[in-house]
Structures are given as C-alpha cells and as structure tokens.
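In: A predicted structure for the sequence below; I have some questions about it.
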Amino acid sequence: MYRLLIVCIAVTLLTNCKKEEEAVFPPIVALKSTDDFTSNNDEIPVGGKIKFGIVATTGSAPITNLRITRIVNGQRIKEIDHGLFIKNRSLDTVHSFVKSSAEMELWEFFVMNANRDSAIITRTVLLGEGSAYGAISHYPSLKIGMQNNSQYPNFVDLHTGTLYSSGNISGHEAEIDIVAFVYQTSGIMSPTLCCPGYTGTSSAALHYPEISSWSVRNPISYDYYSSDNNLVDLQKFESAQNDSLLVASFKPGNISGLCKYCFTDKIIPFKTADGKYGLVRVKHADTVTDGYMELEIKIQQ
Amino acid sequence: MRTLIILLLSIAPYALFSQNGIQGYVRDSKTNEGIVGANVIVGNVGTATNSLGFFTIERVKAGEFSLEVSVLGYEKYQQKILVVEGNRLELEIKLVENRIQLDEIVVSATRSENRISEIPGRISLITTEKLSFIASQTTDEVLALLPGVQVSRSFGLFSHKSSVTMRGLSGNEQARTLVLIDGIPVNKADGGSVNWNLISTGDVERIEVVKGPGSALYGGNAMGGVINVINRRPSKSLEGFVNIDYGTYNTQGIKTRIAGRLGSNSSKYFYWSTNANYRKSDGYITQSKPDRLALGDNIIKSCFDEKAINLKAGFENRSKIKAEIDLTYYDDMRGTGEKYYQPLGNTTDHDTYQLRSSVSGSFGKLGWNVSLFYFNENYKRVSEWEKDDYTWYDVLSVRSDYGLMSSFNTNIRNHTLIFGYDLRMGEVDASDIYYTSTDKVDNRGKMDFYGVYFQDEISTFNNKVKILLGLRYDFSRFYDGAFIINSPSSETVFMDQYQFFGLDDVEWGALSPRVSIQYKPNDDLRFYTSYSRGFRPSVLDDLCRSGRIRGGFKVANPNLKPEYLDNFEIGTDYRPVDWLKLSSSLFYSKGTDFLYYVSTGDSIDMGFGDRPIMIRSNISDVRIYGLEFDFTASPIRYLNFFGNYAYSIPKISEYTPLYSNDPTDLTGKLLTDVPNHSFAFGAFYNDPRIINVGLTCKYVGEMFINDQNVLDDIVGSDVYPSAFTLDFRVSRELMNHLNLSVSIQNIFDKQIYDSKGAVGPGRFIIIGVGAKF
C-alpha cells in the first residue's frame, strides 16, 4: 500500500511537470512624430505631401508584412502591402504619399509577424486650403533598345531623362530606373518594361547580366490594371501640365509589380523607388529581342 | 583435469552428431555440380548452401516438416521430410534448371490466387530476384523497365512526387493507374497521386502489374491498369538484414529489417516484421539555367531527408484463417532548391500514417477476404520567393483515405465466382496560409465511393479455354466542398469571386464490364482477347480548389464526372524453346469524357498580365492505339535477358470547348508525356560463387510537353527530347551473410530536363554494404 502511494505521488508529480510555456508577444507599431513627418489631424492641401515614419518591433517572431491603407469615406485603398522578413531588429521605414481631395483621410498602419500576430495604429489627415500639385518633367521621346539591340541605349534614368548603354553605364548604375526587354511567355513574344530591382524568373539581370553585379538596383512599381484596361486617356496624358493626373492614375490597390508587359500605345502609371509618380506612354514596342521601344514619359519633378 | 578435458573432447563429436539434424548437398540435376547460395528452409529454420552446395541445419525438433529449396535459375524444390529423434537426416537434392516461367501465381488480376497463364490478359511480374538486379533507388523506377509503362520522376531520389502510368495515358496522371500495396488501394482521393517514396525497395517481395482497365474488379483509378506492390513476409523463425548505402551527392542510407515466425510448423504460425529506413542527401542544383542566373545566391541544392518504419504482424493457419495488420509511418523533407529567409528554404514535407489490416478464411467452399485501411497524410509545402517583394506562405493539407474492401470466392463445377463490395472514403482539408500578407485560402471536400462487383471465371475444353466475365457498379458522392478566402490581399484577391461552400452533393455512377477469352492449346502457347472498361473519378483537387496553374489560373469545378476508357485487346504468349518466352499485345482504347483544362472565356490578372481562366471539364474523346512486345530468355545457366518495345499513339479525337470563341482546338493533338516509342533491355548474370551483375537500358522517345502540342517557352521545343539511359548493378555475396553492391544509374550522365527546365541528377552511383541472417 505504501509503495502504491509513492508510485501514485510520483506519477502525479511527473504528469504535472509541464514545460513552462513561452510568452508570445505581438508586434508593436508606432509612428515618428518629429516635424519632418505628418502628425495626427494635420491639414494638407490637395496634391501636398504626406510623409509617415513607421517603426515596429517584431514581438515573438520576425515582422513579415507592412500594410498602409488610406480610408476615404469608408473606401479602403491599400497604398502599401509589402511582404518583409525582419528578424532581430526593428522595422524603420519612411513612406510618402500625396493628399487627395477628400476632406478627411484615415490612415491605417498594420504590421504582422510570422506568428500572424498583428498591430495597428491610425492617423487622421485633413484637407488643407489651396493646391500643392507640383511641376513635372516631360521627356517626349526616349528610344531604348531591347536586350539584343546595340543601336540604342538600354538604361533610363527617369530623374534626368538620360539614357545609358553598357559602354557608359559605369558609375551611373544607382540612377537607373527602367530597362526594356522582350521574352516569350505563354507562346507570345512580350515586350516588357522592367527595372534593375526585379528578380523574378525573367529578371532584368537575365537579359542584362551586368545588372547582377550592380550594388544598387532600383525597383519601380508599375500599375497593372490601369494599363491593361487603358484607364489613362491619351488626351488627358497629353494635356497634363502638373502631377495631378500622375498621382491620381496610380492605383496602389491594384496589383503593382516591378515588371510590366506592354505594347504600342499603352499608358502605364508608375511610382519610382523614391516615391515619384509618373506615366509612361509606349509609342512603339517591337516584339523582337533586337528591336526597340520608344517611350514618352511624364514624371514628378 | 587433463583426463577430464580428453574425455569431453572425445564425447563432443558424439554429442554434436547425436542431435537431430539435417545435412546434404544441393546439386544441378544435369551436371551434378553443387549449387552455391541455394536457400534451404525446413519449417521455420533456414540456411544457405556453401561453395560445394553443402548445407547443414542443426537442432531440428523431431516431426514432419516441409523442406523448400530455392535459388535463382532453378525451379523451386519442395518435399515433406520426417525428422526422427536422435537421427541425422542426409539429403541429396537435385534442382532442375528453370524454364522461362509462364506460370507464376499472381493475385491482382482476379482478386484471388491465379496463375498468369490462366488469366486472359496481360500481366507482368517483377520478382524479388529481378528487383535485386536492377539499379534503382525507388520502387517505381523498376516499373519503367516494363513495356508501355511510363514513370515520371524528374529528379530521381530527389523528386517529392512521382507517377507511374501505362497504356498510352498521360505520364503525369497517376490517377489513371491504380496502385495497391498488398491489395489495398493507395491513390489519394485528393489528387489521385501516390507517394512512391514511402514504398521502400527493401520491403518489396514482388510487383504485379495488370495492364489495361481493371475497373471491373477494382473500380476507380484502374483505367490504364493496376499495380500491386506486395511486401515480403518472414519465412524463417528469425531473419533480418542491415544495409548501409553511400553515394553521389553525399547520399547516405540505412535499411534494417528484423522479422520472424513463431510456431511449431509451417502451416500454423504467427509472424512479425519490423522494417526501418533512413536516407538523406546533400542533393544538387536542380534549377534551370535562367533561374540560376536570375536568383543567384538564393539557389541552393535540392536535398532530402526521409525516414520510414513499418511494423507488421500476422497469423496464418493455412487451412482456416489468415490475419494481418500493418502499420507504416513515413516522414520526409525535400528541399526544392530555392532559399530566402526560411531555415531550409522552399520545402515539401509529408508525414504519413498508413494502417492496413486484412482477414481471410473460408466457410466450407466459400473463401472470403476483408480488408480495412486508414491512411492519413499531413502535407506541408513552404513557398517563399522575392520578386516585387518577399512572399512566404505555407500549404498545409490533411488528406485522409479510408475504407473497406471485401471479396468472396467459390467454385461451382468449372466456374470460379468472385464477388464483393468495396467502400472508399477520401477527404482533404487544406489551407494556404500567408505570412507576408493576411490571406488565408481554405479548400476542403469529401468523396465516398461504393462499389459492388461480380466475376465469373469459366474453364472449359479441358482448361484450354478460359472465359472471364466481370461487372462492377460504382456509386460516388462529392460533398462538403468549399473554397474560401479569408482576409484577401493582392496575393489572392483575384480569386475572391470563385469562393463557394454549402453546395448540393454531386453524385454519379459508373458501370465497368469486362469480357475476356483465352485459348491455351498447350503450356507453350496461349492467345487471349479482351474487352474491358475503366474509369477515373474526378479528384478533390479539381472539384474544390481554385488556384494558379502553369500558364494561367484554374477554377474548381464541383460538377466533374469521371472519364472512361473502353479497351479492346488481343495478345499472345509463345515459348518456342524452353529458355525463351515471347509475348505481344495489341490494343485499341477509346476514351470518353476525358478531363482537360478549357478556357472559360474570361481572363484574370494575377500580377503578371492577363492570363486565361481555365476549368477542368469532361470535354474530350481520345483514341489510343498501341502495341507491346517483350521477351525473356535464359539461354545458359546464370544468364538471363529481357527486352521489350512499346508503341502507342494517344490522340484527342474530339474536343468540345466550353466557350464558343475559345481559339483552342485540341482535336488531333497527342496526349502529353507519352512517348510514341519506348524500349528496354536487360541482362542479368547470376553466379553466387562469383558475382551478380545486372545491366539495363531504357529508351523513351519524344513526348509532347503541352496539350496544344506547340512550342513551350521554357523547354524551347514542342517535345521533350528522347532519352536513352543505361544502368548497371553488381553485387557479391560473401560468407553467406555479407553483401557488397555497386549501382550506377544513368552511366552516360545524360542530362534530362523537366517542363520547367530543371535538370535531373545525372549519373548516380550508390555503394552498399549489407549483412543478413
């Protein structure tokens, strides 16, 4: 009986020895509040710059998603929805946007970690008086070669409109925003606008191997839906004198990527790595690898 | 003391030889030479002959036993022996050199034991001996050496999936060929696939392959044929082995087996076995050249790590009842060669549990068999990549298949009647869980199958004519299907409109007849002709999952019906001389309601431009013409040859698009992944005193890559190039217990690419060391 009692006690103790459960912490998100950044209830005129500094800690798992949503009259527009993997450090990033004509915008900053735990913080931005639409640069005709074309340069610096070829690109790699190539997809020869930062299967580096050695490879976001559905009217594009059309045309809620199938007469909204909005009109696009593309570009100064 | 030692030494031989024992020689009946390496089994005790053909078995209890002697190249020898207390039995056994066998016994073709020569159809058998000569690392690779059998395993050992098909049906559709393990179906209801990696070559005793539709007996999936992998059972009171392998890409493996029998005689005993396998490899770079260039340091070797354990226990009372239970656990992790932030990069992982049990016996003249099975597979795929930004999601899928199979048989005069019912249930509950966005995509569904069947084997004209009549009806129900997207972001928002749940059940039935006739005028010649119908049920993946596919986007179609194949066949076997057997088959198959992806007329932008929306539909009729020829020859002792050639033309004869403006017209196109021509050849030299050598080669002709038979962007052609591979295996047994082996696959290091431009492992060498008892 005595032995049985000892055994029972031992079994009870053993079964109650649970491994101490680790506490699970969600991420924490905050916004920078110095003068450089937009504060809660700031008034900003239409076309004016909204700038947020976002910091977040990981919690118990790496940060994997940052989503910034603009909410206007109940309509949610995802301005940013980025996959990330930030481990053992904080997220610290700055994003700029342009104020719409809405009286009030609610901005939502959502951060999720690999446990799918999340944190949200919001800011309200009000409409200020006047207009702050800015000047644009206009490049009426930029002819760039496809990957096997040696007649035309291949690399575009959108900030100055300068074109470079393999022979004179050295020292200017960090300024390049656009490259063009033709590749076959689903049996179709596809003229494509891309950027040095695209690393997909048909990447820029595949067609321009020198890009793989560049230390800075700029990305650029193209708006897919608008170009495919020709939402940007040619007349409006031609008459645009400030950046209002450029800003309004870019629909971040649509899927935007770093690589865009295009053909002659498409007008494609884009946003550069440093946040400048623009429109590129494809005046001509060959479907052969030694062909060329002629572009007309309007971009925020 | 010295006196005592002398006394002990002097009586020791007497003590030894006074025990009950058996000894003797095993010799060739013609040459009288001793045969080395012959297995001699008395009851539950066994041994092997030495270099003189001599054997001895000590400490045998008194009583009557069955003696069995077997060795490759000779006919099996069996006799009853009587061991008398205190006596030593001396035997002189003469083995007759083996003629090419027409008469192996198989169980798959009729769901009962039957000789191949008595079955009016084409049956191939891969025996233990043949398995031991083929340089293969997986069980399915062996099947590629059969005529008309197509194995799709792009990366050899490193493939996380493989499919085996036959008779001109697409090489990527495992659901069109039924696979059984010990008579129990293992095709998953989710996708029809089979995890060939969990079938260890070390556990396999033989593989039976029944060509042509077998749905009249087995129901769904048995459209192109039936493959039955039969695992070995112990034959001694204690037996086992340990094999250690090492090879290319730092591939390491160990296989162990311990098994035995408990029981005093050979007709009533318990048996048990434990098999365990572990294998891993550093792997190699599988990615295509463009991917290597584009993804740079994110390309890593496609490695693997897998382990399996199988426990089996059974009881056999030969005249009354047999019962067996079998549990398998398998766990693998296979890298797919791309890594960003996850510890192992992109991987697939299967955790599988398989429980099989069967009981068979007889009531008077009625024999019966009932099997129960439950399979559970937890599949996980980690996917990560960087394009516009970082994307990471896991696919978590729980697939369950369970059911009951039964058969009853009896003989009434010259009729053998077989009938029974089967129940099979399958379900899937899967989620795509994104970590770099908020999306969670769920798909789930269940399918039940109920089948009843009846078969009559009629033997007449002195057994020269055999008629096989069979009929089966299957009823199926798809229910609880759902496709739901939670918190969609740009990753999945384009699928939003295709969500569904709470649908009505979808039901269908399928009737599968069979009529076969055989004429066998003598033991060396037979002719047969056969008509049979097979069907493939739609799979849960097509019924309830929408998602990306190659070149577009597919939407679920809960209303899919099965596809059917009517097969007409004639064949003959002929043995002109003792050492040569020739076989040929000619078949014509007519497929109806074949499942194909067709355009819905809509397109979708998934982030890289407009792509067509496709849906699986029963829209095509198919015609397949085929011819198979093979031979086996054993012209001299120790040397065996086999060879075969297969020709097939699988053509889409009628294609009806869903959408009137669909520009696609597949009429006249050939099915993908099927070669028009293929052949295999092998030579085995088996002399246990010297060496065992197996040399096999396989040619697979060009195969179309896509349904449209047009240029493929990635491969750069409309067809995969033909491939010729040569494999070699040599082994040597030492002291009856040790074994050394070297296997070389793809000796010429032929680079073979898949549809994504990824490359196979090339030449693959494995060196093995083993010990058995």
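Out: That came through fine. For clarity, every value in this text was computed on a predicted model and none was experimentally measured.

In: contacts, neighbours, all on C-alpha from now
Out: Will do.

In: quick one, phi psi at B:Asn298?
Out: phi -80, psi -10 (degrees, to the nearest 10).

In: next up, the contacts around it.
Out: For B:Asn298, the contacting residues are B:Glu338, B:Lys339, B:Tyr340, by Cα atoms under 8 Å, 6 or more residues apart in numbering or on different chains.

In: what about it, distance to A:Pro209?
Out: To A:Pro209, B:Asn298 is 16 Å away according to Cα to Cα, to the nearest Å.

In: what does A:Phe270 give?
Out: Applying Cα to Cα to A:Phe270 and A:Pro209 gives a distance of 24 Å.

In: do B:Ile613 as well
Out: Distance of B:Ile613 to A:Pro209, given as Cα to Cα: 34 Å.

In: between these two, which is the more surrounded one?
Out: B:Ile613 (22 against 13; other Cα atoms under 10 Å in any protein chain shown).

In: okay, and the beta partners of that one?
Out: B:Phe553 (DSSP bridges).

In: right, and it touches B:Phe553 too?
Out: Yes: in this structure, B:Ile613 is within contact of B:Phe553 by Cα atoms under 8 Å, at 5.0 Å.

In: still on that earlier bit, let me have the contacts of B:Asn298 in JSON lines, adding pLDDT, distance to chain A and neighbour count as columns.
Out: Shown next, in JSON lines, are the contacts of B:Asn298 (pLDDT from 0 to 100; distance: Cα to the nearest Cα, whole Å; neighbours: other Cα atoms under 10 Å in any protein chain shown):
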{"residue": "B:Glu338", "pLDDT": "94", "distance to chain A": "12", "neighbour count": "26"}
{"residue": "B:Lys339", "pLDDT": "95", "distance to chain A": "13", "neighbour count": "22"}
{"residue": "B:Tyr340", "pLDDT": "95", "distance to chain A": "9", "neighbour count": "21"}
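
In: and which of those residues is nearest A:Gly291?
Out: Within the contacts of B:Asn298, the smallest distance to A:Gly291 is 33.2 Å, found for B:Glu338 (Cα to Cα).

In: excluding its backbone neighbours, what's nearest that closest one?
Out: Leaving aside its sequence neighbours, B:Glu338 sits nearest to B:Ile299 (Cα to Cα, 6 or more residues apart in numbering or on different chains; 4.6 Å).

In: how close does that neighbour sit to chain A?
Out: 12 Å (Cα to the nearest Cα, to the nearest Å).

In: residues contacting stretch A:268-282, please?
Out: A:95-97, A:177, A:218-224, A:226-227, A:232, A:237, A:243, A:246-247, A:249-250, A:262-267, A:293-301.

In: distance across it, terminal residue to terminal residue?
Out: So stretch A:268-282: terminal residues 8 Å apart, Cα to Cα.

In: run a quick neighbour tally on the closest residue to chain B within the stretch 1-150 of chain A.
Out: In the stretch 1-150 of chain A, no residue comes nearer to chain B than A:Gly83, which is 4.3 Å away by Cα to the nearest Cα. A:Gly83 has 22 neighbours, counted by other Cα under 10 Å.

In: how about the one 5 residues further on?
Out: A:Asn88 is surrounded by 12 other residues when neighbours are defined as other Cα under 10 Å.

In: doesn't A:Pro62 make contact with it?
Out: Yes: checked against Cα under 8 Å, the pair A:Asn88 and A:Pro62 is within contact range at 7.3 Å.

In: for chain A, which strand is longest?
Out: strand A:118-131 (DSSP state E).

In: that one pairs with which strands, and in what direction?
Out: When DSSP bridges is applied, strand A:118-131 pairs with strand A:42-46 (parallel), strand A:104-113 (antiparallel).

In: the strands in the stretch 1-150 of chain B, which residues?
Out: B:21-28, B:39-42, B:45-48, B:54-58, B:63-70, B:77-83, B:88-95, B:105-106, B:114-115, B:123-126, B:149-152 (DSSP state E, counting those that start in this stretch).

In: low-confidence regions, the chain specifically.
Out: Unless you meant another one, I'm taking chain A. Applying pLDDT under 70 to chain A flags the ranges A:1-21, A:185-188, A:200-202, A:224-231, A:253-257.

In: that's the other chain; I wanted chain B
Out: B:1-19, B:72-73, B:98-103, B:264-266, B:318-319, B:551, B:605-611.

In: so what are the domain limits for it?
Out: B:2-95, B:230-772 (automatic domain parsing).

In: run the chain-centre distance for the longest one.
Out: The chain centroid and the centroid of domain B:230-772 are separated by 7 Å, computed with Cα atoms, centre = their mean, to the nearest Å.

In: in the stretch 101-250 of chain A, which spans are helices?
Out: Using DSSP state H, counting those that start in this stretch, the helices of the stretch 101-250 of chain A run over A:204-207, A:224-228, A:234-239, A:244-249.

In: list the contacts of B:Glu384.
Out: So B:Glu384 contacts B:Glu338, B:Lys339, B:Tyr340, B:Tyr341, B:Gln342, B:Gly345, B:Asn346, B:Tyr390, B:Thr391, B:Trp392, B:Tyr393 (Cα under 8 Å, 6+ apart).

In: go again with 6 Å.
Out: Contact analysis of B:Glu384 by Cα atoms under 6 Å, 6 or more residues apart in numbering or on different chains lists B:Thr391, B:Trp392.

In: repeat for B:Ser193
Out: So B:Ser193 contacts B:Gln174, B:Ala175, B:Asn187 (Cα under 6 Å, 6+ apart).

In: again with A:Ser118
Out: Shown in contact with A:Ser118 (Cα under 6 Å, 6+ apart): A:Pro27, A:Val111, A:Met112.

In: done for today, thanks.
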